[in-house]
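Visitor: What follows is a predicted structure for the sequence shown.
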Amino acid sequence: QVQLVESGGRSVQAGDSLMLSCAASGRTLSNYAMGWFRQAPGKEREFVAAVNWDGRSTYYADSVKGRFTVSRDGAQNMVTLQMNSLKPEDTAVYYCNLRDIRNHYDYWGQGTSVTVSS
């Protein structure tokens, strides 16, 4: 099993920056990706950003490209999401995700809430 714990969510103003962190513990995996999804009120959960296990490849949703940066600290088993130029439409609960690619299994954190006011 893998446990994921997010932190950093809070209320901010449009244009502000915010960093989310996710700490992973438990099983050691060899082929995985870590990243973030979000779910706004009344909407389905959507992909935001991800980084592969060695930190060399990153992926972003079009809606956050150029504003968000996903990074991985392998030594500390953490993934962060630096969010700049936040918009009201970024308001959502952000979930940390670890995808075990070998076993086709997703682990999820409990979510951290981000509210962006105009």
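Guide: It's in.

Visitor: Give me the contacts around stretch 7-18.
Guide: Outside stretch 7-18, the residues that touch it by CB atoms under 8 Å, 6 or more residues apart in numbering are 19-23, 82-88, 93-94, 112-118. From N, CA and C alone the C-beta is placed, and that goes for glycine too.

Visitor: which among these end up buried?
Guide: In those, burial by neighbour count holds for 20-23, 83, 86, 93-94, 112, 114, 116, counting by 16 or more other CB atoms under 10 Å.

Visitor: Sort out which of the residues you listed are in strands and list them.
Guide: 20-23, 83, 93-94, 112, 114, 116 (DSSP state E).

Visitor: re earlier: name the nearest of the buried ones among the contacts of stretch 7-18 relative to Val48.
Guide: Minimum distance to Val48 across these is 7.1 Å, recorded for Tyr94 (CB to CB).

Visitor: Okay, now the sheet partners of the helix or strand where Ser25 lies, with direction.
Guide: Taking DSSP states H and E as the definition, Ser25 sits inside strand 18-26. Strand pairing for strand 18-26, determined by DSSP bridges: strand 2-7 (antiparallel), strand 78-83 (antiparallel).

Visitor: What residues sit buried inside the helix or strand following that strand?
Guide: Next in sequence after strand 18-26, counting helices and strands by DSSP H and E, comes strand 32-39. Neighbour counts over strand 32-39 (16+ other CB under 10 Å) mark 32-38 as buried.

Visitor: any idea which of those is least confident?
Guide: Lowest pLDDT among these: Tyr32, with 88.
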